[in-house]
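**Q** no sequence for this one, just the structure:
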């Protein structure tokens, strides 16, 4: 009976967190999808838009270490719940801003700060509930990200047609996320990590958690692989819809937004579900093979990133991002588990926060880079920018292969 209750609890937790992650990522995509009407109304340059996106990712980077520390010391249920309620309210407030200062505050600082407290606690809570099923759990949770991004393009196109402007879109998305946060107050349950002997959960000091990441070559390699993906993804989400609308004038803004979100993330969704099943089976035999799968998918995805930038036609662009998305699914199902494989459970939320601090601080530069290139060289600047992003994938793949060959076995954590 206890086992059945425990199994039911872990799948309910997965379902609730997946719902939150849907809004987490759909809200994140809104600004990129609505860049053109926001620019037209508020008279903003591409460089200014780049700074708004960079401010968002910098905020995520700076606040995540604090979010991680809190996630290892206080109720993860309430951290996750208050995070969802706050970022949803700030998303709704974005619909009322009057210029760049309002966008920086509500979109970048307030929304980004609220979102940052979700990931460390949510991923650590999910890892606690799912051990033998960790690959499947993370793949389902990550699929909510893809569904959010896929549907955001279609929903934004529909909402623009319905409301005739970008402001109600932010208000509607924020309102729906806030309602889900109210549900979390009653439905989400904490599950503290069990210490040896069944006593109270062991909590690690911040200095020990930092050492578990920054003095751990396997964790550093996992962080570099994650960084390559985030650096590229931040730029893609921020600029791909506008890039396609400018490069191919036959596309409307709605069609460009829908295509860049749907084709990429639909392929990633299919791949991540398959990747979770495959990874769980492979890792049972040899845990280090997770890095081999992740590194290979990262390396094979690199030329597809460049191919999207230089695609000669709309069909070629959709094909490039679809195949890239398939590789991305295999990357993301392993990104966080590859870190948790080499970091003790008592440090995981803090480690997640520290890793995200470094990753998003570096990743915050990519939207600014593409905005500057676009202002200077137009569409050609975007093309060159995506070629640079492809190179970061190669660096990330090499880091994962180095860990596979030299570091992982000696750093693997037994649970």
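**A** Perfect, thanks for sending it. Keep in mind the model is a prediction, meaning the values are calculated, not measured.

**Q** I'd assumed residue 357 was in contact with residue 62.
**A** Yes: between residue 62 and residue 357 there is a contact under C-beta atoms under 8 Å: 7.0 Å. To be clear about C-beta, it is placed using only N, CA and C from the backbone, and glycine gets the same treatment.

**Q** Who has more neighbours out of these two?
**A** Neighbour tally, residue 62 and residue 357, criterion other C-beta atoms under 10 Å: the higher count belongs to residue 357, 20 against 17.

**Q** where's the more buried one, which helix or strand?
**A** Residue 357 is part of helix 348-363, with elements assigned from DSSP states H and E.

**Q** from the middle of its chain, how far away would that helix be?
**A** 12 Å (C-alpha atoms, centre = their mean, to the nearest Å).

**Q** Can you give me the neighbour number for residue 391?
**A** 14.

**Q** cool, and residue 315?
**A** Residues near residue 315, counting by other C-beta under 10 Å: 9.

**Q** what's the spacing between residue 328 and residue 136?
**A** Separation of residue 328 from residue 136 (C-beta to C-beta, to the nearest Å) stands at 18 Å.

**Q** The two: which is more packed in?
**A** For residue 328 versus residue 136, neighbours defined as other C-beta under 10 Å are more numerous around residue 328 (30 against 18).

**Q** Within the helices and strands, which one has the more buried one?
**A** Using DSSP H and E, residue 328 falls in helix 314-340.

**Q** Averaged pLDDT, that helix. What do you get?
**A** Mean pLDDT, computed over helix 314-340, is 91.

**Q** That one versus helix 348-363: what angle between them?
**A** Relative orientation of helix 314-340 and helix 348-363, computed by axes from the mean of the first three to the mean of the last three C-alpha atoms, to 10 degrees: 140 degrees.

**Q** Residue 288: what's it in contact with?
**A** The contact partners of residue 288, by C-beta atoms under 8 Å, 6 or more residues apart in numbering, come to 404, 408, 409, 412.

**Q** what about burial for the residues you listed, which qualify?
**A** 404, 408 (16 or more other C-beta atoms under 10 Å).

**Q** from the contacts of residue 288, which ones fall inside helices?
**A** 408, 409 (DSSP state H).

**Q** which one among the contacts of residue 288 gets closest to residue 84?
**A** Among the contacts of residue 288, residue 412 lies closest to residue 84 (C-beta to C-beta), at 33.4 Å.

**Q** quick one, phi psi at the closest one?
**A** phi -60, psi 130 (degrees, to the nearest 10).

**Q** for residue 378, same thing?
**A** Residue torsions, per degrees, to the nearest 10, at residue 378 are phi 70, psi -140.

**Q** ok, how many other residues are close to the residue nearest to it when sequence neighbours are not counted?
**A** Once flanking residues are discounted, residue 378 sits nearest to residue 246: 7.5 Å by C-beta to C-beta, 6 or more residues apart in numbering. Per other C-beta under 10 Å, the neighbour tally for residue 246 reads 16.

**Q** Pull the contacting residues for residue 246.
**A** By C-beta under 8 Å, 6+ apart, the neighbours of residue 246 are 378, 379, 382.

**Q** for the stretch 201-350 of the chain, which spans come out with low pLDDT?
**A** Applying pLDDT under 70 to the stretch 201-350 of the chain picks out residues 201-204, 276.

**Q** hey, where'd the helices end up in it?
**A** Ranges of helices within the stretch 201-350 of the chain are 206-214, 217-247, 253-285, 289-309, 314-340, 348-363, based on DSSP state H, counting those that start in this stretch.

**Q** so how far is the fourth one off the chain centroid?
**A** To tie it back to what came earlier, the one meant is helix 289-309. 17 Å.

**Q** Can you check what angle separates that helix from helix 217-247?
**A** Using the same axes, to 10 degrees: helix 289-309 against helix 217-247 is 20 degrees.

**Q** now do the first one
**A** For helix 206-214 and helix 217-247, the angle between their directions (the same axes, to 10 degrees) works out to 70 degrees.

**Q** Can you list the buried residues in helix 206-214?
**A** 206, 209, 210, 212, 213.

**Q** Make TSV out of the residues you listed and add distance to residue 124.
**A** Conversion of the buried residues of helix 206-214 to TSV gives the following (distance: C-beta to C-beta, whole Å):
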residue	distance to residue 124
206	15
209	12
210	16
212	13
213	14
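
**Q** Specify which member of those is nearest to residue 56.
**A** Using C-beta to C-beta, the buried residues of helix 206-214 come closest to residue 56 at residue 213, 23.6 Å.

**Q** hang on, that closest one packs against residue 221?
**A** No: applying C-beta under 8 Å, one finds residue 213 not in contact with residue 221, separated by 11.4 Å.

**Q** Per-residue confidence at residue 33, what does it come out as?
**A** In this model, residue 33 carries a pLDDT of 84.

**Q** is it true that it touches residue 261?
**A** Yes: using C-beta under 8 Å, residue 33 is in contact with residue 261, at 7.3 Å.

**Q** which neighbours do the two share?
**A** With C-beta under 8 Å, 6+ apart as the test, residue 33 and residue 261 both reach 152, 153, 241.

**Q** which ones are touching residue 365?
**A** 54, 231.

**Q** From residue 163, how far out is it?
**A** 34 Å.

**Q** before we move on, what about residue 73?
**A** For residue 73 relative to residue 163 (C-beta to C-beta), the value is 43 Å.

**Q** before we move on, what about residue 389?
**A** From residue 389 to residue 163 the distance is 33 Å (C-beta to C-beta).

**Q** list the contacts for residue 62?
**A** Residue 62 neighbours (C-beta under 8 Å, 6+ apart): 357, 361.

**Q** Ignore what I typed, I meant residue 230.
**A** 359, 360, 362, 363.

**Q** Pick out the most distant pair among the residues you listed.
**A** 360 and 362 (7.4 Å).

**Q** Comparing these two, which shows the higher neighbour count?
**A** residue 360 (26 against 19).

**Q** per-residue confidence at the residue nearest to that one when sequence neighbours are not counted?
**A** Using C-beta to C-beta, 6+ apart and skipping the chain neighbours, the partner closest in space to residue 360 is residue 61 (3.8 Å). On pLDDT, residue 61 comes in at 86.

**Q** quick one: average pLDDT of the host helix or strand of residue 81?
**A** Take DSSP H and E as the rule and residue 81 turns out to sit in helix 76-94. Mean per-residue pLDDT for helix 76-94: 94.

**Q** buried stuff in that helix?
**A** Applying 16+ other C-beta under 10 Å to helix 76-94 flags 76-77, 79-94 as buried.
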